[in-house]
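Student: Build me a model from this:
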Amino acid sequence: MQSPWPAAPEPRRAERVAAGVPDSAPTAVVLGGTGCIGRHICAAFSRQGYRVVTVTRRPVPRVAPHPHRRLDLAAAEPAALRAVFEDERADVVVNATDMAGATDATGAADGGEARAAELLDANEGLARRLVEALSTPARGPRLIHIGTIHEYGPGESGVPLHEDVEPAPANAYARAKLAGSQVVLDAARAGAVSAVVLRLVNTCGPYPTPAGFVGKLLPTLLAAAAAGEPPSVTVGGAMRDWIDVRDVAEAAVLAARRPVGGHAFNIGSGVCVSMRELVGHALAAAGLPDSGVRETAGPLRSLGADWIQADIGRARALLGWSPAFRLKESMRDMWDAGETSR
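Tutor: Presented below is the predicted three-dimensional model:
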């Protein structure tokens with residue numbers, strides 16, 4: 001992919017040479033590149049020979065040892081975003097932020113009208129500013145926008161969610177995420193930008209977000225292992241599709257390189273498992289007994305339905321992507337890493 005931006009300023013070129021990156025290497029700019037998903041996306045692009053630049057409010061060198069641009073994405077205007085992309089000669093821009101700060105698939109998703117407006121601005125607002133920043137008469141950088149399976153709404157038990165399902169999000173978080181994804185898809189289909197949306201199921205694997213169920217489970221297991229006692233874990237009867245963050249990262253790289261603009265892709269394992277099975281794999285990885293696990297049949301506080309599974313046929317066909325990590329392996333690698341993304 002040839003960058004539409006002007007030649008890199010000499011200091012940036014010197015930075016590439018010092019880092020051992022060929023001056024001709026393509027550049028991937030990852031917004032939210034130090035988060036749970038972003039850090040793995042950075043690593044995947046780097047493995048493919050890209051020069052990677054992270055954009056966040058604060059650098060986290062130990063998480064993402066790449067060139068960093070400090071920018072408050074919640075407030076950055078299109079001109080500021082465009083200046084970063086031009087300066088870095090971006091070939092790919094990945095929006096890996098979750099600026100809504102959603103609790104997770106087991107937490108509260110609504111919080112009144114004020115919270116709903118905040119969620120909408122964080123998602124749709126940033127998407128609109130990104131589209132404006134990337135709109136150019138020439139072929140601009142490919143935008144990879146990270147969405148969520150919850151944009152479709154609860155769906156029907158036993159029926160995998162396909163991209164052609166009419167979205168019917170059930171809460172403020174999902175509505176805000178859908179609004180952001182729709183802005184990107186509308187702009188791509190109108191020819192204003194080159195972009196795709198990846199709609200993720202629940203994520204797992206090394207360095208999970210501390211806001212999610214898996215990220216909350218890990219500290220519980222670590223504390224139990226340190227104390228030499230069975231952990232106390234309560235799980236509901238929900239069935240979920242889980243995808244390893246490293247599989248998400250590989251999907252992002254493929255989406256950047258394939259001629260698939262204007263599409264949304266479901267990124268999941270295509271397999272639905274119980275929460276009890278997920279916890280069982282985590283306990284086995286930690287070498288802990290399951291005697292402290294309790295199941296509840298009560299109502300779940302969730303972003304989606306009690307049963308979620310993604311149809312991943314489009315990603316297989318158009319991206320050439322398939323998940324590589326099994327749930328058991330993801331839980332083992334999470335345990336071996338030993339910490340959340342913070």
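Student: ok, residue 220 - contacts?
Tutor: 231, 232, 233 (C-beta atoms under 8 Å, 6 or more residues apart in numbering). Placement of C-beta: from N, CA and C, glycine included.
Student: go with 7 Å
Tutor: The contact partners of residue 220, taken as C-beta atoms under 7 Å, 6 or more residues apart in numbering, are 231, 233.
Student: secondary structure element for it?
Tutor: Residue 220 is part of helix 213-227 when elements are defined by DSSP states H and E.
Student: right, and the secondary structure at residue 98 would be what?
Tutor: coil (DSSP: H, G, I helix; E, B strand; the rest coil).
Student: Do a quick rundown of the strands in the protein.
Tutor: In the chain, the strands defined using DSSP state E lie at 27-31, 51-56, 68-70, 92-95, 142-148, 194-200, 202-204, 233-235, 239-244, 264-267, 272-274, 293-295.
Student: Any figure for the gap between residue 39 and residue 340?
Tutor: 12 Å (C-beta to C-beta, to the nearest Å).
Student: which of these two has more neighbours?
Tutor: Taking other C-beta atoms under 10 Å, residue 39 and residue 340 do not tie; residue 39 has more neighbours (24 against 21).
Student: What's the separation between that one and residue 270?
Tutor: Counting by C-beta to C-beta - residue 39 and residue 270 are separated by 25 Å.
Student: And for residue 134?
Tutor: 31 Å.
Student: One more: residue 245?
Tutor: 17 Å.
Student: now swap in residue 149 and tell me
Tutor: Distance of residue 149 to residue 270, given as C-beta to C-beta: 12 Å.
Student: for the protein, which spans come out with low pLDDT?
Tutor: Along the chain, the model assigns pLDDT under 70 to residues 1-23, 64, 99-111, 297-305.
Student: Which helix runs longest in it?
Tutor: Looking across the chain with DSSP state H, the single longest helix is helix 172-189.
Student: Please spell out which residues along that helix are buried.
Tutor: 172-185, 187-188 (16 or more other C-beta atoms under 10 Å).
Student: what do you get for stretch 87-101?
Tutor: Buried, per 16+ other C-beta under 10 Å, within stretch 87-101: 87-100.
Student: next one: stretch 277-293
Tutor: Here stretch 277-293 shows 277, 278, 279, 280, 281, 282, 283, 285, 286, 288, 293 as buried, counting by 16+ other C-beta under 10 Å.
Student: One more: stretch 47-55?
Tutor: So for stretch 47-55, counting by 16+ other C-beta under 10 Å, buried means 48, 50, 51, 52, 53, 54, 55.
Student: Please render the residues you listed as JSON lines that adds distance to residue 167 to the earlier fields.
Tutor: Shown next, in JSON lines, are these (distance: C-beta to C-beta, whole Å):
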{"residue": "48", "distance to residue 167": "32"}
{"residue": "50", "distance to residue 167": "32"}
{"residue": "51", "distance to residue 167": "36"}
{"residue": "52", "distance to residue 167": "32"}
{"residue": "53", "distance to residue 167": "32"}
{"residue": "54", "distance to residue 167": "30"}
{"residue": "55", "distance to residue 167": "28"}
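Student: Farthest-apart pair in those residues, please.
Tutor: Maximum pairwise distance among those (C-beta to C-beta): 19.3 Å, between 48 and 55.
Student: hmm, back to that, tell me the angle the helix holding residue 220 makes with strand 239-244.
Tutor: Calculated by axes from the mean of the first three to the mean of the last three C-alpha atoms, to 10 degrees, helix 213-227 forms an angle of 80 degrees with strand 239-244.
Student: quick one: buried residues of helix 213-227?
Tutor: Buried residues in helix 213-227 (16+ other C-beta under 10 Å): 213, 214, 215, 216, 217, 218, 220, 221, 222, 224.
Student: related to what we said a few turns ago, and residue 245 and residue 270? which has more neighbours close in?
Tutor: residue 245 (28 against 19).
Student: ok, the more buried one touching residue 35?
Tutor: No - assessed by C-beta atoms under 7 Å, residue 245 is found out of contact with residue 35, at 9.9 Å.
Student: Name the nearest residue to residue 229, ignoring sequence neighbours.
Tutor: Spatial nearest neighbour of residue 229, chain neighbours left out: residue 292 (7.9 Å); criterion: C-beta to C-beta, 6 or more residues apart in numbering.
Student: From residue 179, how far out is that neighbour?
Tutor: From residue 292 to residue 179 the distance is 41 Å (C-beta to C-beta).
Student: same question, residue 268
Tutor: 22 Å.
Student: And residue 266, by the same measure?
Tutor: From residue 266 over to residue 179 (counting by C-beta to C-beta), the distance is 18 Å.
Student: Residue 36 now?
Tutor: Separation of residue 36 from residue 179 (C-beta to C-beta) stands at 22 Å.
Student: want to throw the buried residues of stretch 277-293 into JSON lines with distance to residue 251?
Tutor: Listed next are the buried residues of stretch 277-293 as JSON lines, based on distance: C-beta to C-beta, whole Å:
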{"residue": "277", "distance to residue 251": "24"}
{"residue": "278", "distance to residue 251": "21"}
{"residue": "279", "distance to residue 251": "26"}
{"residue": "280", "distance to residue 251": "27"}
{"residue": "281", "distance to residue 251": "22"}
{"residue": "282", "distance to residue 251": "24"}
{"residue": "283", "distance to residue 251": "29"}
{"residue": "285", "distance to residue 251": "24"}
{"residue": "286", "distance to residue 251": "28"}
{"residue": "288", "distance to residue 251": "32"}
{"residue": "293", "distance to residue 251": "32"}
